[in-house]
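J.: I would like the atomic coordinates for the input below:
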Amino acid sequence: MTPLRKMMLEELQRRNYSKNTTRSYLQIVRDFANHFRRPPDQLGPDEIRQYQVHLIEERKLGVRTVGHCTAALRFFFVKTLKRPYPVEVVPYPKQPRRLPIVLSQDEAVALINSASNLFHRAMLMTMYSTGMRRAELCNLKVEDIDSQRMLIHVRQGKGGKDRDVPLSPNLLETLREYYRWMRPKTFLFPGTVNGSRADKPITSKVTWEACQEAAKRAGITKRVSPHLLRHSFATHLMENGADLPTVQALLGHTDLKPTSIYLHLSERHLKAAGTPLDKAVLSPLNNVKRSRKLHKNPPEVEQK
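T.: The predicted model follows:
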């Protein structure tokens, strides 16, 4: 390990960054240095800007991914090398605000019913019923299922935060049947080693494949992913009457702002709001003048 890599690792560990973030940040700085074929401490803001353009224009990476790379490089220069680069010198790429795609409640049921096996069905039901992130589901343990209080404990979610989410009776019934079949030890959804089940977490790829296979079997053309199930969970909660702070707590959001996006996706809230035109008293359409005729009169046939 080089001295620079060791310094950055220690700074990340000192701030208690997650293992995934630590691994990702170190790899990004390595790729950055390899791109310019120079040690990273010999580079600076100009190279960061060039690298951002390279990632967007040549590698065709998404804005969020480029923003993540920018955060890693800023951490290296500002926190590790102690160089005061303000955000205006090394800006983050502007992210377009797009509404996420969600499943209808009927589509969510069809997806679960189309799972290829009990393992996939239990995973899909857990994600849709709780709104868990992929990493949270992968690291879910048997002991986290509290059937006495009808809760599921989400340990060390994003930002290192714990939270509880409700345990649906329908999900509990499925998980009990699944447990009798799979007999998991530590992790509720165990991974494999050399093709055999092992007491280790599944990878996020397994959750992705479960969504893709079920969507294909159900005939759903939307791009179904674990995070789409999380969006659908939050949207359907609001459509069924949950308030915004409750959804915020169940999703594990620190701020209410990211949760408020589901107001734009909930049909119940959109229809309840209506429009100013709904109560307007307008004149009859028969009284509205037509400015021009839509079709010309056909030419008269010449009489012989």
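J.: tell me what the longest strand seen in the chain is packed against?
T.: Once the chain is assigned using DSSP state E, the strand that runs over the most residues is strand 196-201. Where contact means 3 or more Cβ pairs under 8 Å, 6 or more residues apart in numbering; DSSP states H and E, strand 196-201 is packed against strand 190-193. All C-beta spots, glycine's among them, are computed from the backbone N, C-alpha and C.
J.: Buried residues of the strand it packs on, list them for me.
T.: Within strand 190-193, the residues that count as buried by 16 or more other Cβ atoms under 10 Å are Pro190.
J.: Parallel or antiparallel, list what pairs with that strand.
T.: The pairing partners recorded for strand 190-193 under DSSP bridges are strand 196-201 (antiparallel).
J.: Could I get the average pLDDT for the partner strand?
T.: Averaging pLDDT along strand 196-201 gives 90.
J.: Now the element after it, going C-ward?
T.: Where DSSP states H and E defines the elements, the next helix or strand beyond strand 196-201 is helix 204-218.
J.: and the following helix or strand past that next one, C-alpha only, in CSV?
T.: Using DSSP H and E, the helix or strand that follows helix 204-218 in sequence is helix 226-239. Output of helix 226-239 as CSV, limited to C-alpha atoms (Å, rounded to 0.1, in the frame of the first residue of the first chain):
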residue,chain,number,x,y,z
PRO,A,226,-34.8,-3.3,-6.2
HIS,A,227,-34.8,0.5,-5.9
LEU,A,228,-38.0,0.7,-8.0
LEU,A,229,-39.6,-1.5,-5.4
ARG,A,230,-38.5,0.9,-2.7
HIS,A,231,-40.1,3.8,-4.7
SER,A,232,-43.2,1.8,-5.2
PHE,A,233,-43.4,1.0,-1.5
ALA,A,234,-43.3,4.7,-0.5
THR,A,235,-45.7,5.7,-3.2
HIS,A,236,-48.3,3.0,-2.3
LEU,A,237,-48.0,3.9,1.4
MET,A,238,-49.0,7.5,0.6
GLU,A,239,-51.8,6.4,-1.7
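J.: which residues in the stretch 51-200 of the chain form helices?
T.: According to DSSP state H, counting those that start in this stretch, the stretch 51-200 of the chain carries its helices in the segments 63-74, 105-113, 118-130, 134-138, 169-182.
J.: From the chain's centroid, how far away is the shortest one?
T.: Here the centre of mass of C-alpha atoms in helix 134-138, compared against the chain's by Cα atoms, centre = their mean, to the nearest Å, lies 12 Å away.
J.: Please renumber the chain so that the first residue is 45 from this point on.
T.: Shifting the count to begin at 45 puts that one at helix 178-182.
J.: which other helices and strands contact that helix?
T.: helix 162-174, helix 248-262, helix 270-283.
J.: likewise the last one?
T.: Packing partners of helix 213-226 (3+ Cβ pairs under 8 Å, 6+ apart): helix 162-174.
J.: Could you list which residues are in contact with Leu105?
T.: Leu99, Cys113 (Cβ atoms under 8 Å, 6 or more residues apart in numbering).
J.: any idea how far it lies from Met282?
T.: Leu105 sits 32 Å away from Met282 when distances are taken as Cβ to Cβ, to the nearest Å.
J.: that older thread, format the helices of the stretch 95-244 of the chain as TSV; extra columns: distance to Ser335, mean neighbour count and mean pLDDT.
T.: TSV is the format used below for these (distance: least, Cβ to Cβ, whole Å; neighbours: other Cβ atoms under 10 Å; pLDDT from 0 to 100):
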stretch	distance to Ser335	mean neighbour count	mean pLDDT
helix 107-118	45	18	92
helix 149-157	44	17	96
helix 162-174	52	23	96
helix 178-182	57	21	93
helix 213-226	59	15	96
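J.: number of nearby residues for Phe76?
T.: 21 (other Cβ atoms under 10 Å).
J.: just the one 5 residues further on next, same as before
T.: With neighbours defined by other Cβ under 10 Å, the count for Arg81 comes to 6.
J.: go on, Leu53?
T.: Leu53: 17 neighbours (other Cβ under 10 Å).
J.: Could you tell me whether it really is in a helix?
T.: Yes. Secondary structure of Leu53 (DSSP: H, G, I helix; E, B strand; the rest coil): part of a helix.
J.: Show the pLDDT at it.
T.: 94.
J.: swap in Pro343?
T.: With respect to pLDDT, Pro343 has a value of 59.
J.: swap in Arg74?
T.: According to the prediction, Arg74 has pLDDT 96.
J.: Tell me what angle the helix or strand where it lies forms with helix 107-118.
T.: Using DSSP H and E, Arg74 sits within helix 63-80. Orientation check (axes from the mean of the first three to the mean of the last three Cα atoms, to 10 degrees): helix 63-80 against helix 107-118 gives 80 degrees.
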